[in-house]
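**Q** With the sequence up front, the predicted model follows.
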Amino acid sequence: MISDKWKPALKLFLPSWNFFNDFAEVPRLEYCLISSRTVAIDWKPFFTGHDTRDLRRVLFNPSGNLELLEASLVERAVDELRDDPLSNRNRFAKSETHSTLERLTRTRLAHFHSSAGPDRFRFRLVLIDPGAPSQIVFTSEELPFARPGK
């Protein structure tokens, strides 16, 4: 079996880096939009599975590379939370990692939902395990959709 510390390195060299997602826990960033008129929470993942059969995707793919970078940030955030199981979630909410995830979520939401409507959002980190139920690692507070100060 491949050691957990070598999996991130192998993902860099293998075009089908999603191969490991079939056998190990995969962290996922999800979001929900909150409007002043609605209370329902509908969580949606930011990243979806990708087809790696196209060689162009491996050689030149700026949007795919950006997505891999963002997925790496999500993995590191989950690792940070898991490394300290007794950590205070409020401390994480004030951390630089949380701020980065908040900016990432806000930026992606601005591209997905440019129309007026939702004025707040939440994000959460979820561990998806092929043989077990999903585990919610962290859920943010409600955050304003617009960037603070704008």
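**A** On my side now, so go ahead.
**Q** Now stretch 120-136 - C-alpha only, CSV.
**A** In CSV, the C-alpha atoms belonging to stretch 120-136 read as follows (Å, rounded to 0.1, in the frame of the first residue of the first chain):
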residue,chain,number,x,y,z
ARG,A,120,-25.0,35.3,2.1
PHE,A,121,-23.3,32.0,1.9
ARG,A,122,-21.6,29.2,4.0
PHE,A,123,-18.9,26.8,3.1
ARG,A,124,-17.9,23.5,4.7
LEU,A,125,-15.2,20.9,4.4
VAL,A,126,-16.4,17.3,4.0
LEU,A,127,-14.4,14.1,4.0
ILE,A,128,-15.8,11.6,1.4
ASP,A,129,-14.7,8.0,2.2
PRO,A,130,-15.6,5.3,-0.4
GLY,A,131,-16.5,2.8,2.3
ALA,A,132,-18.1,5.0,5.0
PRO,A,133,-20.5,7.8,5.4
SER,A,134,-19.3,11.4,4.7
GLN,A,135,-17.8,13.3,7.6
ILE,A,136,-18.3,17.0,8.0
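**Q** Please, which helix or strand holds residue 70?
**A** helix 62-83 (DSSP states H and E).
**Q** what's the model's confidence in the very next helix or strand once past that helix, averaged?
**A** Following helix 62-83 in sequence order, the next helix or strand is helix 89-93 (DSSP H and E). The pLDDT scores in helix 89-93 average 78.
**Q** For helix 89-93, which residues meet the burial criterion?
**A** residue 92 (16 or more other Cβ atoms under 10 Å). Where C-beta positions appear, they are placed from N, C-alpha and C, glycine not excepted.
**Q** from now on call the first residue 764
**A** Fine by me, first position is 764 from now on; the one you just mentioned is helix 852-856.
**Q** Which SSE is immediately downstream of that helix?
**A** Downstream of helix 852-856 (by DSSP H and E), the next one is helix 859-875.
**Q** can you list contacts of that next one?
**A** The contact list for helix 859-875, computed with Cβ atoms under 8 Å, 6 or more residues apart in numbering, reads 792, 794, 796, 809, 833, 836-837, 839-840, 843, 855, 884, 886, 888, 903, 906, 908, 910.
**Q** If any of those are buried, put those into a PyMOL selection.
**A** Entered in PyMOL, the line below selects the buried ones among these, by 16+ other Cβ under 10 Å:
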select buried, resi 792+794+796+809+833+836+837+840+843+855+884+886+888+903+906+908
